[in-house]
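> Okay, sequence plus prediction incoming.
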Amino acid sequence: MVKAQDFECMKMEKKEEFLSSQGNFIACRSQDPYYVDLYSIEDFFVEVWYVNMEEAFSRDGVSEISLLTEIKTITQEKDINRYIELYESSRA
C-alpha cells in the first residue's frame, strides 16, 4: 500500500506510471491557464496540473498537445472541497 507521503517523494515519471496503473480518474476542472485532473489512489487524492498547448498537426490530423506541469498530493480539505462545490454547482 502506497501512502500519500511515499507518493510525494516519487520522481515525476514514477508518479505518472503509478497514476496510470493505480489511479482512478474522478474529475477535471480549469483554473486559467491550467487544467487540473483529480485522481484517487488508495486512500488519498492527487491533482495533475497541465496546460493545453496550441493544436498541432500529426500524421492522423489535428491533435492537442498538453504540457504536464505538476502532480501533487492533496493534503488540505479545502482543496478537495473545490471539487465538491464544482459537482454541486453542475447539478443545480
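Thanks, I have the structure now. Numbering: from 1, shown residues only.
> Next, give phi and psi for the one residue sitting closest to the centre of the chain.
Nearest residue to the geometric centre of the chain (CA atoms, centre = their mean): Val48, 2.4 Å. Dihedral angles of Val48 (phi, psi; degrees, to the nearest 10) stand at phi -110, psi 110.
> Surely it touches Tyr34?
No - applying CB atoms under 8 Å, one finds Val48 not in contact with Tyr34, separated by 10.0 Å. For glycine as for every other residue, the C-beta is placed from the backbone atoms N, C-alpha and C.
> show me what contacts the nearest residue to Lys3 once chain neighbours are set aside?
Nearest residue to Lys3, sequence neighbours excluded (CB to CB, 6 or more residues apart in numbering): Phe44, at 7.6 Å. Counting by CB atoms under 8 Å, 6 or more residues apart in numbering, Phe44 touches 3-4, 7, 73-74.
> next one: the helix or strand that contains Val36 to chain centre, how far?
If you go by DSSP states H and E, Val36 is part of strand 34-41. How far strand 34-41 lies from its chain's middle: 2 Å, per CA atoms, centre = their mean, to the nearest Å.
> With stretch 13-31 instead?
The answer for stretch 13-31 is 5 Å, by CA atoms, centre = their mean.
> centre of the chain versus stretch 32-41, how much separation?
Worked out by CA atoms, centre = their mean, stretch 32-41 lies 3 Å from the chain centre.
> quick one: average pLDDT of that stretch?
In this model, stretch 32-41 has an average pLDDT of 88.
> Show me what counts as buried in that stretch.
Residues of stretch 32-41 classed as buried under the neighbour-count rule (16 or more other CB atoms under 10 Å) are 35-39, 41.
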